[in-house]
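[1] got a sequence here, can you build the structure:
(one chain, ligands or ions: 3)
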Amino acid sequence: MTDRPHTPVLDRVTYPADLRRLTDAELKQCADELRAETISAVSETGGHLGSSLGVVELTVAIHAVFNTPYDKLVWDVGHQCYPHKIVTGRRDRIRTLRQKDGLSGFTKRSESDYDPFGAAHSSTSISAALGFAMAREMGQATGDAIAVIGDGSISAGMAYEALNNAGHIGRRLFVILNDNDMSIAPPTGAMSSYLANLSKNSPLAALRDIADGVAQHLPEPLRQGAERARELVTGHPKSATLFEHLGFTYIGPVDGHDMGQLLNVLRSAKARATGPVLIHAVTVKGKGYAPAELSDDCYHGVNKFDVATGVQKKSTPNAPAYTNVFGQCLLRHAETDSAIVGITAAMPGGTGLNILQKAMPGRVFDVGIAEQHAVTFAAGMAAGGMKPFCAIYSSFLQRGYDQVVHDVALQNLPVRFMIDRAGLVGADGPTHAGAFDIGYLAALPNMTVMACADEAEMVHMMATAAAHDSGPIALRYPRGEGTGVAMPEKGAVLEIGKGRILQDGRDVAILSFGAHLAEATDAARALEARGLSVTIADARFAKPLDADLVDRLVAGHSALVTVEQGAMLGFGAIVLHHLAATGQLDGGVAIRTLHLPDRFIDQASPADMYADAGLTAQDIAAAALDALGVATIHEKARA
Ligand SMILES: Cc1ncc(C[n+]2csc(CCOP(=O)(O)OP(=O)(O)O)c2C)c(N)n1
Ligand SMILES: CC(=O)[C@@H](O)[C@H](O)COP(=O)(O)O
Ligand SMILES: [Mg+2]
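    Residues are numbered from 1 along each chain as shown. Ligands and ions are numbered 1, 2, ... in the order given. This is a model prediction of the structure:
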């Protein structure tokens, strides 16, 4: 007998239609190959590996059973969609993931018909899928809607708003709960415990059938076992799970890595569902790759790595990361002030709150993916006499905006907002860019808004925030390392609303707000090389604005350039508003406000993204020269 060459099944799959031609055994083999391909690709690109490995079988089974893209598959967050990208026509570009001009690390409508709804912020999938389902019910040419949501993401209020609505509407909709008992960090919360109990204590639930109730047809001892398991989970004899109370048919738990079981359950659900169905799939984050399965974070987000060992490539830092400086500072303040507490919405490591959490576990609250609750919880704590440091990434705080307005600012409560990932963040792209917080926070009465120029300034601003009991205060800082400046022994409390001048000049003033001061300084050097005399100032506060400083810069220079790592209606707009309100715009000074452009910027390195945004040192210098040119024309005209 001759050995037949082994042809990978995955090589026969470009689109989901190809999966639908495979036998069940081939689908299983395809999943194994898809897992290997995912590991290999992410080892070259970095990215969200653990979550993607956990849904390999689900990906294959869903696409094999449902008629995507006519049926709409909506991944929550979208960070687990790499296997999905590989089997939906993007295998040839999967090694460009998260890079400039490459594939997005999340689902994105403009990238593929198989990404019917974009994501990256969590807990939106059930709402979006319900929207598709209703569009179908109202006559649009679209098929079934399937949301896949993780156990971490289903902790957010928005997911319950959607379940509530879907259960009420009662139309056919599929929600697959991908329960790997893990968020970015170990999951917290009562809901997480409830789900854990469902999967641990309900061994026979997998046999339940959505239409005719398999349990009824089980032999007596098994049926009693199923009922006992249900009673154990719910606490009530014969009562249903939370999802059933909300109007869903609950199927599960099923083994989310058992291809046969998944195919049976999905086929049966697809054939029989008349209303909303929740399929509870138990999975393992990092499944099938030992270094991921054995690690504490299940390789949630990894750098490039060596496949054989799992060892990730780490760059040697030149300076402390802002996140770390924040974490260390907060710990120092908490040691001397027992009212200080930290609040995070499922990001203890990402925000640096894990430093305080490790030292003083009782002083940090991880509320799960629940930014809205985090903000109002902080407001309540502040009203109760505590000093909450609410650490949330800039883009995720967008979720809690009404809470910032209504619960914090309106009541002038001293919540300290620590806004990490302000500005462009790199590989996560536009969904995670901290672009809007300057504008959306500075618009609020009572709010103080600071941004630190470097890590030493951060220490002072932390001291300022800790001392600021008269109202809410926000400190924004970017992802990544500081600039390597000498660090102060201790933070000094800054005068609220006062900036600083770092260098005095005569021709042009560059007024920077936040961490682009290094680029502003480089621009000044370039201008000096052309014989110009440049003032460099650091605003420190966008609100209250240092009006005296701005007035001085306008009065003493022919041109003023503002620089910030934020969107159009931010710091520069505040400066312009002040100058207009005080009649200084007509005084002949030429002004340029450098900010992010009015468009979303695709993923690349932060440096490339800032170049795309027109915010390099050269751009700043060019803007200054342009402004000076205009100022010269004005001066000549006046002469
Ligand atoms: C609104 C929002 N807050 C926080 C995050 C950061 N975040 C991304 S994935 C994740 C954990 C998600 O856990 P889960 O849904 O269980 O998916 P898993 O990674 O376990 O597959 C978090 C907190 C986010 N993307 N969106
Ligand atoms: C998917 C998601 O939202 C997070 O995993 C995010 O990518 C983390 O970003 P950082 O790496 O900046 O913490
Ligand atoms: Mg999870």
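
[2] what parts of the stretch 101-250 of the chain come near ligand 2?
    Proximity of the stretch 101-250 of the chain to ligand 2 (C-beta under 6 Å from any ligand atom) is limited to residues Ile184. (Each C-beta comes from the backbone N, C-alpha and C, glycine too.)

[3] stretch 478-485 near ligand 1 at all?
    No. Using C-beta under 6 Å from any ligand atom, stretch 478-485 stays clear of ligand 1, coming no nearer than 13.3 Å.

[4] swap in stretch 160-167?
    No. Using C-beta under 6 Å from any ligand atom, stretch 160-167 never reaches ligand 1; the gap is at least 13.7 Å.

[5] pLDDT below threshold where in this structure?
    Filtered on pLDDT under 70, the chain yields the residue ranges 1-5, 201-239, 630-639.

[6] mind giving me the domain split of it?
    9-294, 322-476, 500-638 (automatic domain parsing).

[7] deepest-packed of those domains, please.
    Per-stretch averages of neighbours, counted by mean count of other C-beta atoms under 10 Å, single out domain 322-476 among the domains of the chain, with a mean of 22.

[8] for the domains of the chain, which one sits closest to Gly310?
    Closest of these to Gly310 is domain 9-294, at 2.5 Å (criterion: C-beta to C-beta).

[9] please identify the pairing partners of the helix or strand containing Ser512 and their relative orientation?
    Take DSSP states H and E as the rule and Ser512 turns out to sit in strand 508-513. Sheet partners assigned to strand 508-513 using DSSP bridges are listed as strand 534-538 (parallel), strand 559-564 (parallel).

[10] specify the angle between the next helix-or-strand element following the longest one and strand 559-564 in degrees.
    It refers to strand 559-564. Past strand 559-564, further along toward the C-terminus, the next helix or strand under DSSP H and E is helix 571-581. Inter-element angle recorded for helix 571-581 and strand 559-564: 140 degrees (by axes from the mean of the first three to the mean of the last three C-alpha atoms, to 10 degrees).

[11] follow-up on the earlier one: for ligand 3, find the nearest of the domains of the chain.
    Closest approach to ligand 3 among the domains of the chain is made by domain 9-294 (3.8 Å; C-beta to the ion).

[12] that closest one vs ligand 3: in contact?
    Yes. For domain 9-294, a contact with ligand 3 is found by C-beta under 5 Å from the ion, at Gly150, Asp151, Gly152, Asn180, Met182.

[13] chain center to the strand holding Ser512: distance?
    31 Å (C-alpha atoms, centre = their mean, to the nearest Å).

[14] for that strand, C-alpha coordinates in CSV please.
    Extracted in CSV, the C-alpha atoms of strand 508-513 (Å, rounded to 0.1, in the frame of the first residue of the first chain):
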residue,chain,number,x,y,z
VAL,A,508,6.7,81.6,17.9
ALA,A,509,5.2,79.9,21.0
ILE,A,510,4.4,76.2,21.1
LEU,A,511,1.8,75.4,23.8
SER,A,512,1.6,71.7,24.4
PHE,A,513,-1.0,69.9,26.4
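
[15] point out the residues in the stretch 1-150 of the chain that sit beside ligand 1.
    Checking the stretch 1-150 of the chain against ligand 1 by C-beta under 6 Å from any ligand atom, the hits are Ser51, Gly54, Val77, His79, Gln80, His121, Ser122, Gly150.

[16] got a list of what the closest residue to the fourth one other than its chain neighbours touches?
    Put plainly, it is His79. Excluding the flanking residues, the one nearest His79 by C-beta to C-beta, 6 or more residues apart in numbering is His48, at 3.9 Å. Residues near His48 by C-beta atoms under 8 Å, 6 or more residues apart in numbering: His79, Gln80, Tyr82, Gly105, His300, Gly301.

[17] now, which of those residues sits nearest ligand 2?
    Taking C-beta to the nearest ligand atom as the measure, ligand 2 lies nearest His79 of these, at 4.0 Å.

[18] look up phi and psi at that closest one.
    Main-chain dihedrals, His79, degrees, to the nearest 10: phi -80, psi -10.
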